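Student: the following block contains a protein sequence and its predicted model.
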Amino acid sequence: MFKKKLIIFMPSIEIGGVEKNLYLISNFLAKKINDVSLITADNKKKDYFKKIKIITPKSISLVNKFRTIKYFLCLLELLKQILLDKKITVLSFQANLYCIIISKIFNIKVIVRSNASPSGWSGNFIKRKFFKTVFNLANCIIVNSYDFKEEFKKNFNIKTECIYNPLNKKEIIKNSKKKIKFSYFKNFKYLKIINVARFLDQKDHMTLLRAMKLIQNKLKFRLLIIGEGKNKDKIINYIDKNNLSNNIKVLDYKRNPFKYMSLSDIFILSSIYEGLPNVLLEAICLKKFVISSNCPTGPAEILNDGKGGLLFKVRDHNDLAKKIIFYSKNKLKLRKKINYAYNKLERFNYYYNLNKYLKTVLNN
């Protein structure tokens with residue numbers, strides 16, 4: 001029996017794969033551990049959590065949309081919880097370095113889940129040295145792909161534990177079958193393409209859009225982009241200026257994107273870096289053909305180096321355009337890649353990977 005209190009640390013709950021995993025992992029742990037709390041500045045998301053005590057900063061009105069303020073106030077809350085009870089274990093999903101430092105000052109066990117490849121945030125030599133020093137203090141670091149694990153070893157010479165993202169296939173398929181009125185994808189003559197991602201630089205929508213511009217006069221297609229973020233206006237402006245409005249539609253974030261994904265032919269991921277992109281697993285679960293950037297880390301591992309889809313060079317819109325055209329001309333031949341990718345999804349088994357999280361928490 002786990003006698004300590006478990007505190008999950010996630011100051012800023014937004015949208016995306018990290019949040020999906022937060023909900024799944026937290027709720028599963030709360031079924032197995034009696035005392036689980038979540039420290040977050042986003043108390044509006046409390047309905048996503050069951051049997052979990054939500055701890056939010058009292059000065060919640062100051063939080064707004066600024067991550068740094070959320071981090072600071074939630075770190076103060078963590079400090080308060082530590083001073084009240086030393087018998088706790090911390091599981092951090094965000095602001096990991098600060099969380100480690102505070103926890104280790106008071107000799108508190110801390111497990112961190114690193115969410116994105118170090119190539120996206122480790123920066124220069126000084127940064128890597130600092131990160132290495134702090135990460136070494138953690139009791140355990142969880143990463144979500146084996147390529148990610150190798151990058152940690154290479155960059156910081158630190159051993160990590162790889163736990164794949166838990167994939168709830170039944171729930172995804174169930175949600176994909178919900179009725180939807182969406183005529184945009186109804187014309188069978190068009191190649192139906194979808195991208196679901198936050199509108200951030202990391203997701204590199206501009207490479208996707210430039211590829212669409214290249215193929216605009218070469219084949220009939222419709223692209224649907226779903227998400228939200230600071231780059232939304234930049235994306236829409238590019239579409240308008242390049243006369244792509246008839247080919248590309250942008251929708252705001254959808255809690256259930258699967259009913260849109262189910263209508264598509266291809267899912268495209270154009271990221272510069274990832275950890276293990278949940279959205280690729282979800283597309284494969286719905287038996288969609290995947291074209292992805294070969295970014296660190298995750299896509300190549302999910303697609304088994306191209307056996308389960310097509311990989312293009314990061315930030316290379318020419319390569320992406322070629323891959324889209326290649327798919328359009330070889331749909332039937334490439335069908336075997338969809339089946340191959342689908343049959344490899346067992347690695348991401350829902351209960352197997354959630355139980356690995358539980359085992360890690362109990363052992364630490």
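Tutor: Arrived safely. Numbering: from 1, shown residues only.
Student: let me see the ranges of the strands in the protein.
Tutor: Counting by DSSP state E, one finds strands in the chain at the ranges 5-9, 36-39, 53-55, 88-92, 109-113, 140-143, 161-162, 191-196, 221-227, 248-252, 266-269, 289-293, 310-312.
Student: tell me the domain boundaries of the chain?
Tutor: Domain assignment for the chain, taken from automatic domain parsing, gives 5-166+349-363, 169-348.
Student: need those in CSV with mean pLDDT and mean neighbour count, can you?
Tutor: (Each C-beta comes from the backbone N, C-alpha and C, glycine too.) Below are the domains of the chain laid out as CSV (pLDDT from 0 to 100; neighbours: other CB atoms under 10 Å):
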stretch, mean pLDDT, mean neighbour count
domain 5-166+349-363, 90, 18
domain 169-348, 95, 18
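Student: before we move on, back to that, need the strands of the chain in a markdown table with distance to residue 210, can you?
Tutor: Below are the strands of the chain laid out as a markdown table (distance: least, CB to CB, whole Å):
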| stretch | distance to residue 210 |
| --- | --- |
| strand 5-9 | 38 |
| strand 36-39 | 40 |
| strand 53-55 | 43 |
| strand 88-92 | 37 |
| strand 109-113 | 33 |
| strand 140-143 | 31 |
| strand 161-162 | 34 |
| strand 191-196 | 13 |
| strand 221-227 | 12 |
| strand 248-252 | 12 |
| strand 266-269 | 13 |
| strand 289-293 | 13 |
| strand 310-312 | 12 |
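Student: which among those is found nearest to residue 175?
Tutor: Closest of the strands of the chain to residue 175 is strand 191-196, at 13.0 Å (criterion: CB to CB).
Student: given the closest one, what are its sheet partners and their directions?
Tutor: strand 221-227 (parallel), strand 266-269 (parallel) (DSSP bridges).
Student: what about dumping the CA coordinates of the longest one to PDB?
Tutor: So the one you mean is strand 221-227. Provided in PDB are the C-alpha atoms of strand 221-227 (Å, rounded to 0.1, in the frame of the first residue of the first chain):
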ATOM      1  CA  PHE A 221      -7.200  18.200 -52.300                       C
ATOM      2  CA  ARG A 222      -8.800  19.600 -49.200                       C
ATOM      3  CA  LEU A 223      -6.800  20.200 -46.000                       C
ATOM      4  CA  LEU A 224      -8.500  20.700 -42.600                       C
ATOM      5  CA  ILE A 225      -6.300  22.200 -39.800                       C
ATOM      6  CA  ILE A 226      -7.700  22.000 -36.300                       C
ATOM      7  CA  GLY A 227      -6.100  23.700 -33.300                       C
END
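Student: list the contacts of that strand.
Tutor: 15, 184-185, 187, 190-199, 203, 205, 208, 212, 215, 235, 247-254, 257, 260, 264, 324 (CB atoms under 8 Å, 6 or more residues apart in numbering).
Student: if we can go back for a sec, for the strands paired with strand 191-196, give me TSV that also has distance to residue 174.
Tutor: Formatted as TSV, the strands paired with strand 191-196 follow (distance: least, CB to CB, whole Å):
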stretch	distance to residue 174
strand 221-227	19
strand 266-269	19
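Student: and of those, who's closest to residue 84?
Tutor: strand 221-227 (39.2 Å).
Student: would you mind getting the angle between the closest one and strand 248-252?
Tutor: Interaxial angle of strand 221-227 relative to strand 248-252 (axes from the mean of the first three to the mean of the last three CA atoms, to 10 degrees): 20 degrees.
Student: centre of the chain to strand 221-227, how far?
Tutor: 19 Å (CA atoms, centre = their mean, to the nearest Å).
Student: mind listing the helices in this structure by residue range?
Tutor: With DSSP state H, the ranges of helices along the chain come out as 17-32, 67-84, 96-105, 125-135, 146-156, 169-176, 205-215, 232-241, 258-261, 278-285, 299-302, 317-329, 331-343, 350-363.
Student: residue 311 is nearest to which of those helices?
Tutor: Of those, the one closest to residue 311 (CB to CB) turns out to be helix 299-302, at 6.2 Å.
Student: just how off-centre is that closest one within its chain?
Tutor: 14 Å.
Student: and it, C-alpha only, in PDB?
Tutor: As requested, the backbone C-alpha atoms of helix 299-302 are provided in PDB (Å, rounded to 0.1, in the frame of the first residue of the first chain):
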ATOM      1  CA  PRO A 299       7.400   9.600 -35.500                       C
ATOM      2  CA  ALA A 300      10.100   7.200 -36.800                       C
ATOM      3  CA  GLU A 301       9.600   5.000 -33.800                       C
ATOM      4  CA  ILE A 302       5.800   4.900 -34.200                       C
END
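Student: what does it contact?
Tutor: Contacts for helix 299-302 (CB under 8 Å, 6+ apart): 145-147, 269, 271, 274, 276-277, 280-281, 284, 292-294, 306, 308, 311, 341.
Student: and what of stretch 28-37?
Tutor: 2, 4-8, 26, 49-55, 81, 91, 166, 354, 357-358, 361.
Student: if we use 10 Å, what do you get?
Tutor: 1-9, 26-27, 38, 49-55, 77, 81, 85, 87-89, 91, 166, 350-351, 353-355, 357-358, 361-362 (CB atoms under 10 Å, 6 or more residues apart in numbering).
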